[in-house]
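In: fold the following, please.
(chains A and B)
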Amino acid sequence: MRVDVEEKVLSENDKLALGLRERYREHKVFCVNLISSPGSGKTALLERTLEALPKSAKVAVLTGDLQTENDARRLAKAGFPVKQITTGGTCHLDASMIIKALADWDLDAIDILFVENVGNLVCPTSYDLGEHAKIVVLSVTEGEDKPLKYPSIFAVSELCIVNKVDLLPYVPFDLAQAIANARQVHPGMEVVETSCTKVQGLDAWLAWIERRRKQAMQD
Amino acid sequence: MHELSIASAILDRAKAASDENGGARVTKVGLRIGEISGVDADALTFGIEALSKDTPMQGMVLEVELCRRKQRCAACAAEFEPVGFQASCPTCHGEQSECIAGKELDVMFFELEDPPCA
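Out: Numbering: from 1, shown residues only, chains lettered A, B, ... in the order given. Here you go, the predicted model:
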């Protein structure tokens, strides 16, 4: 006997993500989902980002890891609301984790919500968190062929941040080739180059956030 | 290994189909998996085998329809399948295109044994 189903496997997650998207629209929250390999510098990028924002900015961060509250401790120093999501063993964040983490936050007090996903270039690709944009971070201590090795995440991300560019003189990373590889997978992909130890490229990143946020608020 | 949580979602849906049919064994599931869905069919098969022991889904076969990634060119509207993730338009060489297929992760159908006689 055959039973026709025709539905998305992750339909539960997608339903929850849709709910999040509606709440973000209602409360005018702009949400980005930062994805990278472990150690690419997502947390450092967020530290510099939070430091660069005025104290009056309505910004909040959810940061995911398998274990420890270390990232939340680092990020809380800037004085904005930060919450750690520890997944136990799960290699990605899903929409239900975001809903749980947001439960006691007033969304009207948040204009920009940064979600730092678990360090992983594969699994977070499949999970919609209701975000306006996925952002992939690639550091120059990795291979410039990473966009070709992990094409899915580069195909679905709006922006590629190439981080740790202060190390370019010391590593055999071909920046032009890396960007060409990202654009081979995702034609016209926007790229921002940053360093979080020498604080470089932050202006371009903040400008991207502001431009994309304005666009999201008009949609 | 997010395939394990995906396997678990598929098995939840299969169990519901079994329950709706008197606890019948589920022998096959039809899945549609897109090229850039981020899901590996072998890992998924392993996850389903591991999680279905001693359930009506034990031994369930996966019939997978793989979907190629398809893009639509923003300039000339041509639809094309990128070769080796080369995603510029083969017709007009436009660089901007939109993904219209390849992210699928769908359950299409289940096959069940006839329900045990009441």
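In: for the residue nearest to the spatial centre of chain A, grab phi and psi.
Out: Centroid-nearest residue in chain A: A:Leu34, 1.1 Å away (criterion: C-alpha atoms, centre = their mean). Here is the backbone geometry of A:Leu34 (degrees, to the nearest 10): phi -90, psi 130.
In: show me what it is bridged to.
Out: As for beta bridges, A:Leu34 partners with A:Glu116, A:Ile135 under DSSP bridges.
In: what parts of chain A come near chain B?
Out: A:1-10, A:12, A:90-92, A:94, A:122-123, A:125-127, A:148, A:151-153, A:155-156, A:183-188 (C-beta under 8 Å from any C-beta of the partner chain). For every residue, glycine as well, the C-beta is placed using N, CA and C.
In: thinking again about what came up before, and the residue nearest to the centre of chain A, how far is that from chain B?
Out: As judged by C-beta to the nearest C-beta, to the nearest Å, A:Leu34 and chain B stand 17 Å apart.
In: and that residue, what pLDDT?
Out: Looking at A:Leu34, its pLDDT stands at 98.
In: these two touch, right, it and A:Ala133?
Out: No. Under the criterion of C-beta atoms under 8 Å, A:Leu34 is not in contact with A:Ala133, lying 9.8 Å apart.
In: got the residues of chain B near chain A?
Out: B:1-2, B:5-6, B:9-10, B:13, B:17, B:20-21, B:24, B:31, B:36-39, B:69, B:85-88, B:94-97, B:99, B:103, B:105-114.
In: the helix or strand bottoming out on mean pLDDT in chain A pairs with which strands?
Out: For chain A, counting by mean pLDDT, DSSP states H and E, strand A:2-8 ranks last in confidence among helices and strands (a mean of 89). Sheet pairing of strand A:2-8 (DSSP bridges) gives strand B:105-112 (antiparallel).
In: distance between the strand it pairs with and the chain's centre?
Out: Put simply, strand B:105-112 sits 9 Å off its chain's centre (C-alpha atoms, centre = their mean, to the nearest Å).
In: need the residues that contact it.
Out: A:1-10, A:126, B:6, B:10, B:13-14, B:17-18, B:21, B:24-34, B:37, B:39, B:65 (C-beta atoms under 8 Å, 6 or more residues apart in numbering or on different chains).
In: hang on, the earlier thing: so which of the residues of chain B next to chain A are in strands?
Out: Judged by DSSP state E, strands contain the following of the residues of chain B next to chain A: B:31, B:97, B:99, B:105-112.
In: just give me the least confident of the residues you listed.
Out: B:Ser97 (81).
In: so how many other residues sit close to that residue?
Out: Neighbours of B:Ser97 under the rule other C-beta atoms under 10 Å in any protein chain shown: 24.
In: tell me the contacts of the closest residue to A:Gln177 other than its chain neighbours?
Out: Distance criterion C-beta to C-beta, 6 or more residues apart in numbering or on different chains; nearest residue to A:Gln177, sequence neighbours excluded, is A:Glu144 at 4.7 Å. By C-beta under 8 Å, 6+ apart, the contact list for A:Glu144 reads A:173-175, A:177-178, A:181.
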